[in-house]
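> the following comprises the amino acid sequence and a computationally predicted model.
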Amino acid sequence: MTEASWTDAAREHETEFGDYVELLKPRVMRLVIFTALVGLFAAPVATHPVIGFASILCIAVGAGASGALNMWWDRDIDAVMSRTVSRPIPSGRVSPGEALAIGLVLAVFSVVMLGLFANPVAAGLLAFTIFFYAVVYSMWLKRATPQNIVIGGAAGAFPPMIGWAVATGSVSIESVLMFALIFIWTPPHFWALALFRNDDYSRANVPMLPVVAGTRSTRNHILVYTLLLAPIAIAPAFTSIGGSVYLVGSVVLNAIFCFGAWKIWCRTDDVAAGDRFQVEKRFFGFSILYLFLHFVLILVEAGLRVVGFAPVSLPVLM
């Protein structure tokens, strides 16, 4: 949508507060807040509740800034994709200039305030996350390579590492494993979405893997990345943030996830129109639950340590 066409659309819409909230991608923000909280609570250092709350709020605002900057940059392709055409900018409810200004102001505010409330390490990680998502992923990788989501997934993987840094002022193997869990999970999660949203990405000329390499190659990639994810997802069980509860839960979740990836790998496109991509849709839906439950398990282990209860101790290897 050009500036002129946005002005025409804006005459038909009066911007409301909810439009600005939508600009910040609140659904993504919820996942950011949750995983950052888990990183904060799982850390071996207690954080004052006021500092913790303020820090999580800064991380949420930083995530919102990234979302606004992403929507500002992607307004042209959002306007031609059915999944995104109703977003605030392509629908004419928020102007591109407003989105850019909001994104930049919130980005600076969130980083500066996190540095004041927590420490420079956490603030630096938040600043890098915003830059990575807005510039490296949105402005470069997304339109340049079918591996966009593989590298760009790092942006969504940083929140638990930032939460850990708020408490400890450092990075450790535990926070790296939480990062790696999200980082390796992201490609199969989004490739499953891309399989049944292939037409959207084709219209927008976004080189997602199904558009460039086809569905067969995408299904191969989903299976490979899911198999790579399993040991990484289970590994935290043998660190200070894991334990027997996490181990059992993670093994079960990864068995289900690997089975889902195998079913996708076995699929062909030679099926009835109504049945196409049903396996991929179910896999995509479960992938969200898969990630959520892994972080719930980390939270449960942290709670058990607080009350001094450990069902079965596991050797800490890392």
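In hand now; what should we look at?

> list the residues that contact residue 233.
181, 184-185, 250, 253-254, 294 (CB atoms under 8 Å, 6 or more residues apart in numbering). (Glycine included, C-beta is placed from N, CA and C.)

> which one among these gets closest to residue 79?
Lowest distance from residue 79 to the contacts of residue 233 (CB to CB) belongs to residue 185, with 29.4 Å.

> isn't that closest one right up against residue 287?
Yes - the criterion here is CB atoms under 8 Å, and residue 185 meets it with residue 287 at 7.0 Å.

> now do residue 253, the pLDDT please.
On pLDDT, residue 253 comes in at 98.

> that one and residue 293 touch, don't they?
Yes - the pair residue 253 / residue 293 is scored as a contact, 5.9 Å apart, by CB under 8 Å.

> which one's more surrounded, the two?
Neighbours per residue, other CB atoms under 10 Å: of residue 253 and residue 293, the larger number sits with residue 253, 20 against 16.

> against residue 136, how distant is the more buried one?
30 Å (CB to CB, to the nearest Å).

> cool, residue 178 as well?
21 Å.

> quick one on the thing from earlier: would you reformat the contacts of residue 233 as CSV and include secondary structure?
Below are the contacts of residue 233 laid out as CSV (DSSP: H, G, I helix; E, B strand; the rest coil):
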residue, secondary structure
181, helix
184, helix
185, helix
250, helix
253, helix
254, helix
294, helix
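
> thinking again about what came up before, out of residue 178 and residue 136, which sits in the busier spot?
Ranked by neighbour count (other CB under 10 Å), residue 178 and residue 136 place residue 178 first, with 28 against 16.

> dump the residue contacts of the more buried one.
Contacts for residue 178 (CB under 8 Å, 6+ apart) come out as 35, 38-39, 42, 157, 160-161, 164, 236, 241, 295, 298.

> in helices, which of those fall?
35, 38-39, 42, 157, 160-161, 164, 295, 298 (DSSP state H).

> tell me the buried residues within those residues.
35, 38-39, 42, 157, 160-161, 164, 295, 298 (16 or more other CB atoms under 10 Å).

> make JSON lines out of the residues you listed and add distance to residue 147 and pLDDT.
Conversion of these to JSON lines gives the following (distance: CB to CB, whole Å; pLDDT from 0 to 100):
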{"residue": "35", "distance to residue 147": "23", "pLDDT": "97"}
{"residue": "38", "distance to residue 147": "28", "pLDDT": "97"}
{"residue": "39", "distance to residue 147": "26", "pLDDT": "97"}
{"residue": "42", "distance to residue 147": "30", "pLDDT": "96"}
{"residue": "157", "distance to residue 147": "16", "pLDDT": "96"}
{"residue": "160", "distance to residue 147": "23", "pLDDT": "97"}
{"residue": "161", "distance to residue 147": "22", "pLDDT": "97"}
{"residue": "164", "distance to residue 147": "27", "pLDDT": "98"}
{"residue": "295", "distance to residue 147": "26", "pLDDT": "98"}
{"residue": "298", "distance to residue 147": "28", "pLDDT": "97"}
